[in-house]
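*Asks:* Structure for this input, please:
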Amino acid sequence: MNRTEFTDNQLINFDKQQLEEMFDWSEVKKLPSTEFEKQRIEWLSRYLVGNVSETFEDIKKQDPADQRRTFFTWIDVVQDVDTLKSMIKSILQETLKDS
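*Replies:* Numbers count the residues shown, from 1 in each chain. Below is the predicted model:
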């Protein structure tokens, strides 16, 4: 996936420096440019701007394999340690609260 496709969502709210620090662009380039992959990145962008609950509600509508793939994609592309830690904690909290 190219940079324009990757940031054609809520990520436009971040400046170039923030994007450079937050993402592993070599991993972004490995993403296929499919509609479902773009949806995963859209969810990530919504999560990163603070729309957490609605984002997780949408992800929970997917089958478990697609949910896992969504979160694996997020973890693969985010390189900022603080963002990654917070994100993983949110994922665990959301996925384990129904257990």
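
*Asks:* contacts and neighbour counts: CA atoms only from here.
*Replies:* Will do.

*Asks:* Mind telling me what element the residue positioned nearest the centre of the chain is part of?
*Replies:* Centroid check for the chain by Cα atoms, centre = their mean gives Leu44 as the closest residue, at 2.7 Å. Here Leu44, judged by DSSP states H and E, is contained in helix 35-48.

*Asks:* buried ones in the helix or strand encompassing Ser90?
*Replies:* Element membership for Ser90, per DSSP H and E: helix 81-96. Neighbour counts over helix 81-96 (16 or more other Cα atoms under 10 Å) mark Leu84, Met87, Ser90, Glu94 as buried.

*Asks:* Report the buried residues of stretch 45-60.
*Replies:* Applying 16+ other Cα under 10 Å to stretch 45-60 flags Ser45, Arg46, Tyr47, Leu48, Val52, Thr55, Phe56, Ile59 as buried.

*Asks:* Report the separation between the closest residue to the second one other than its chain neighbours and Ile88.
*Replies:* Read it as Arg46. Closest residue in space to Arg46, ignoring its immediate chain neighbours: Gln10 at 6.0 Å, by Cα to Cα, 6 or more residues apart in numbering. Relative to Ile88, Gln10 is positioned 20 Å away (Cα to Cα, to the nearest Å).

*Asks:* ok so, going back, ok, the residue nearest to Arg46 to Asn51 distance?
*Replies:* According to Cα to Cα, Gln10 and Asn51 sit 10 Å apart.

*Asks:* what does Asp76 give?
*Replies:* 20 Å.

*Asks:* Dump stretch 74-82 to CSV, restricted to CA.
*Replies:* Extracted in CSV, the C-alpha atoms of stretch 74-82 (Å, rounded to 0.1, in the frame of the first residue of the first chain):
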residue,chain,number,x,y,z
TRP,A,74,-2.1,-2.6,13.3
ILE,A,75,0.8,-4.1,15.4
ASP,A,76,2.9,-4.6,12.2
VAL,A,77,2.6,-1.0,11.0
VAL,A,78,2.8,0.9,14.3
GLN,A,79,6.4,1.4,15.3
ASP,A,80,6.1,4.1,18.1
VAL,A,81,6.5,2.2,21.3
ASP,A,82,4.2,4.4,23.4
